[in-house]
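K.L.:
no sequence on this one, just coordinates:
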């Protein structure tokens with residue numbers, strides 16, 4: 001467990017210090033984390049530097065519990081989608097189409113918010129990354145002289161694990177943005193992975209480190225490949241902790257992930273096993289054009305971009321040629337788009353001329369024309385070259401990265417020139433990247449983890465650990481009282497959820513039960529609606545028609561899963577979410593209790609609580 005870090009040559013920097021220009025001048029031949037015995041040396045003119053711990057900066061208001069906000073039945077449950085992905089036999093293209101059909105069929109049971117509601121709630125997620133002691137800031141020096149910063153999460157220093165390298169989106173830095181918080185919660189906390197999030201080449205970190213701004217997967221996909229090379233080099237002490245590498249890209253970072261799949265297909269010596277591009281930009285030019293149109297979408301991005309440019313303006317001499325600072329940064333959408341496009345082109349032109357591009361299949365490429373650069377950032381031009389499983393995960397209600405410029409043209413291209421390795425998966429609700437709110441936290445957690453684990457051979461994470469539960473501690477709380485609540489013949493178990501409270505010795509397993517003939521439930525009902533009308537469709541029943549049966553599970557009974565008493569709200573929230581996304585609950589015959597008439601008898605876990 002990474003707790004205290006001691007070193008002699010590295011100064012810790014808080015997040016606010018990343019805005020200091022002298023940070024880019026940091027260079028170290030070698031870094032030692034003495035008490036853990038990790039040595040991360042430079043590799044030729046490449047290298048990895050440890051910078052420090054994230055600072056406290058979390059303004060979210062929604063703390064996810066891992067529960068689904070609706071009551072999906074067995075065919076539309078988190079357990080179901082996990083089983084579908086794990087047991088599917090066929091190509092990645094076929095798997096994506098199969099899941100798309102499933103999300104369409106189950107949509108009424110999964111979606112609970114409008115498109116706008118889903119993305120707003122997604123943006124309000126609270127996860128104080130600075131309290132996770134296993135996440136650290138790092139900075140990579142690449143062979144073309146560029147620096148890329150990141151957040152690296154390592155669970156322990158003894159177990160080889162799959163590493164997911166994530167590239168975040170437009171203007172994104174490796175800090176506590178909504179997309180990064182979601183990524184760490186789903187993949188690091190709830191999954192079996194180590195996670196590395198890389199800052200965008202359009203973000204502040206990149207601008208301060210390199211005095212440039214760049215857009216697109218041609219350069220960012222290459223950055224991912226170079227980082228993977230550094231981490232798996234023979235001279236890297238982290239190599240022994242990496243059993244394989246997967247790639248994820250979010251929004252604009254999705255273009256990087258897709259182009260990384262092209263790079264990876266031509267560089268088989270790097271152990272990249274799969275790619276998932278989430279809400280991705282597939283084709284850069286039409287997408288960038290669309291977000292800077294003179295409409296509501298364009299107005300939003302104008303405000304976002306203007307604020308970003310203000311923060312980095314003095315660090316970007318190339319941008320100053322096209323944008324004057326006068327009139328208090330009052331630029332039109334079209335002027336901003338043209339300036340950013342031309343500045344990015346100038347940067348690509350300069351860097352490819354100064355040093356030959358060395359990563360296949362683009363070895364020797366020199367950028368000489370803006371249209372050439374747009375084409376290099378259009379994934380549809382390279383689909384025939386992809387040989388590793390690559391999935392485009394998008395929502396057709398995305399208001400910002402429109403599917404008509406991205407997912408739909410890709411589908412048409414694959415219809416004309418099929419590639420069984422590329423899948424296009426429509427989850428249908430979530431707007432821009434808010435899938436965990438669009439289709440439900442537990443559903444999306446099982447989906448994104450399953451898509452990566454499908455193509456990973458770390459089978460030890462899939463062993464079934466079963467813990468038996470007795471119902472002697474089951475109690476029914478009503479009006480502050482405690483009564484034993486048994487199941488009646490008419491009872492139907494709708495769902496279960498977990499709750500862990502600070503400094504408590506038990507975890508509470510709450511079973512929600514529907515009985516249409518329950519007088520107490522009918523007495524609570526108002527108006528013309530009666531609980532009995534849901535007898536034929538119990539999973540549509542409102543909360544007022546449900547009883548709660550609370551089973552107290554001593555935490556010591558979960559000791560084999562590395563679960564102990566929690567001493568902070570952060571840990572209580574994380575353990576609650578982990579239990580709600582990692583537990584399968586069955587009866588004495590090992591059948592799910594959902595839709596049946598049995599209280600929990602067995603708890604199934606596929607891995608330990610790794611914190």
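P.N.:
Sure thing, it's come through. Bear in mind the structure is a predicted one, so any value in this text is a computation, not a measurement.

K.L.:
most centrally placed residue in this structure?
P.N.:
residue 183 (2.7 Å; C-alpha atoms, centre = their mean).

K.L.:
nearest spatial neighbour of that one, skipping sequence neighbours?
P.N.:
residue 166 (5.5 Å; C-beta to C-beta, 6 or more residues apart in numbering). All C-beta spots, glycine's among them, are computed from the backbone N, C-alpha and C.

K.L.:
What is the burial count for that neighbour?
P.N.:
27 (other C-beta atoms under 10 Å).

K.L.:
Spit out the contact partners of it.
P.N.:
By C-beta atoms under 8 Å, 6 or more residues apart in numbering, residue 166 lies in contact with 180, 183, 187, 195-198, 247-250, 253.

K.L.:
Tell me where the stretch 201-350 of the chain is predicted with low confidence.
P.N.:
Scanning the stretch 201-350 of the chain with the threshold set as pLDDT under 70 gives 326-329.

K.L.:
Actually, the chain.
P.N.:
1-53, 55-59, 326-329, 459-463, 470-486, 518-529.

K.L.:
need the longest helix for it.
P.N.:
In the chain, taking DSSP state H as the definition, the longest helix is helix 333-354.

K.L.:
helices or strands up against it?
P.N.:
Packing partners of helix 333-354 (3 or more C-beta pairs under 8 Å, 6 or more residues apart in numbering; DSSP states H and E): helix 217-232, helix 284-291, helix 296-312, helix 317-320, helix 370-376.

K.L.:
my read: residue 569 touches residue 503, true?
P.N.:
No: judged on C-beta atoms under 8 Å, residue 569 makes no contact with residue 503 at a distance of 9.9 Å.

K.L.:
Between the two, point out the one with more neighbours.
P.N.:
residue 569 (14 against 10).

K.L.:
residues touching the nearest residue to that one once chain neighbours are set aside, list them.
P.N.:
The shortest distance from residue 569 to any non-neighbouring residue, by C-beta to C-beta, 6+ apart, is to residue 502 (5.6 Å). Neighbour list for residue 502: 566-569, 572 [criterion: C-beta under 8 Å, 6+ apart].

K.L.:
you'd agree residue 502 is in a helix?
P.N.:
No: read with DSSP: H, G, I helix; E, B strand; the rest coil, residue 502 is coil and lies in no helix.

K.L.:
What's the separation between the residue nearest to the centre of the chain and residue 254?
P.N.:
13 Å (C-beta to C-beta, to the nearest Å).

K.L.:
again, but for residue 111
P.N.:
For residue 111, the distance to residue 254 - C-beta to C-beta - is 22 Å.

K.L.:
In terms of neighbours, single out the busier of those two.
P.N.:
residue 254 (30 against 23).

K.L.:
Let's verify that one: helix, strand, or coil?
P.N.:
Quick answer, by three-state DSSP: residue 254 is helix.

K.L.:
how close does it get to residue 109?
P.N.:
27 Å.

K.L.:
go on, residue 594?
P.N.:
12 Å.

K.L.:
overlap in contacts of the two?
P.N.:
residue 73.

K.L.:
now for the helix or strand harbouring residue 150, which elements pack on it?
P.N.:
Residue 150 belongs to strand 147-153 when assigned by DSSP states H and E. Contact partners of strand 147-153 among helices and strands, from 3+ C-beta pairs under 8 Å, 6+ apart: strand 135-141, strand 194-198, helix 204-210, helix 217-232.

K.L.:
and these, which is most packed in?
P.N.:
strand 194-198 (a mean of 28; mean count of other C-beta atoms under 10 Å).

K.L.:
in its sheet, what does it sit against?
P.N.:
strand 147-153 (antiparallel), strand 161-167 (parallel) (DSSP bridges).

K.L.:
Wait, a strand at residue 234?
P.N.:
No: remark: residue 234 does not belong to a strand; assigned using three-state DSSP, it is coil.

K.L.:
Return the distance of it relative to residue 240.
P.N.:
11 Å.

K.L.:
So for these two, which sits in the more crowded spot?
P.N.:
residue 240 (11 against 6).

K.L.:
and that one, how far is that from residue 269?
P.N.:
Residue 240 sits 17 Å away from residue 269, taking C-beta to C-beta as the criterion.

K.L.:
what about stretch 596-605, start to end distance?
P.N.:
Criterion C-alpha to C-alpha, to the nearest Å; first-to-last residue distance in stretch 596-605 is 21 Å.

K.L.:
how far out from the middle of the chain is that stretch?
P.N.:
Its chain's average C-alpha position is 29 Å from that of stretch 596-605, according to C-alpha atoms, centre = their mean, to the nearest Å.
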